[in-house]
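Peer 1: pasting a predicted model and its sequence here:
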Amino acid sequence: MTGHTNEAPETVSWDELAVRAKSAMQLAYAPYSQFLVGAALEAEDGRIFDGCNVENASYPVGMCAERVAIGHAVVSGARSFRRLVVASSGETPASPCGMCRQALSEFGVDLEIRSVLRGGDERRWTLAELLPANFRPEDLLGAKDAGVAS
């Protein structure tokens, strides 16, 4: 199932999203941290996009599961999302990192987020709770007029 999208716009359950995220987590490439992360991002039209973390020996080059899922969604034409499940191999449910929070906020802050572990522990947030003061596209307005380089 991982790597594919649902064609039908039906909403799946949170449990089904968690299964998708856990499946993606098993495919993570994390030879340095051993911290496996998978994500299942549900678009407004019901399609689901998976992602997993991909590490690199040059650490900043690595990609988080959430941003991989965003890229998967964007290349498929999705621009509006309603739910995200993040699965990780840690001891406590992990929230999306700051960079992923900002990347997700580009598409709206109403996103519901759950973080799950293999054993069933979970945490829940909205993106607005995790990132109450995101940098918005409208924050760029006037930057060129003010002499700020783009």
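Peer 2: Noted; the coordinates are in hand.

Peer 1: from Lys22, how far off is the spatially most central residue of the chain?
Peer 2: Relative to the mean C-alpha position of the chain, the nearest C-alpha, by C-alpha atoms, centre = their mean, is the one of Glu66, at 2.5 Å. Taking C-beta to C-beta, to the nearest Å as the measure, Glu66 and Lys22 are separated by 15 Å. Every C-beta, even on glycine, is put in place using the N, C-alpha and C of the backbone.

Peer 1: quick check: the residue nearest to the centre of the chain touching Gln102?
Peer 2: No - distance between Glu66 and Gln102: 10.7 Å, which falls outside the contact criterion (C-beta atoms under 8 Å).

Peer 1: looking at this, Val85 is in a strand?
Peer 2: Yes - using DSSP: H, G, I helix; E, B strand; the rest coil, the assignment for Val85 is a strand.

Peer 1: could you count how many residues lie near it?
Peer 2: Using other C-beta atoms under 10 Å, the number of residues around Val85 comes to 27.

Peer 1: thought it was touching Leu17?
Peer 2: Yes - with contacts counted by C-beta under 8 Å, Val85 reaches Leu17, the gap being 4.2 Å.

Peer 1: mutual contacts of the two, please.
Peer 2: When contacts are counted by C-beta atoms under 8 Å, 6 or more residues apart in numbering, the set common to Val85 and Leu17 consists of 40, 114.

Peer 1: checking the residue lying closest to the residue nearest to the centre of the chain once chain neighbours are set aside next. Helix, strand or coil?
Peer 2: By the measure of C-beta to C-beta, 6 or more residues apart in numbering, the closest residue to Glu66 outside its immediate chain neighbours is Cys100, 4.0 Å from it. The assignment at Cys100 comes out as helix when based on three-state DSSP.

Peer 1: all strands of this structure, in order?
Peer 2: Secondary structure of the chain, counting by DSSP state E: strands at 37-43, 48-52, 81-88, 112-116, 122-126.

Peer 1: quick check: which of the ones you listed is buried the most?
Peer 2: strand 37-43 (a mean of 28; mean count of other C-beta atoms under 10 Å).
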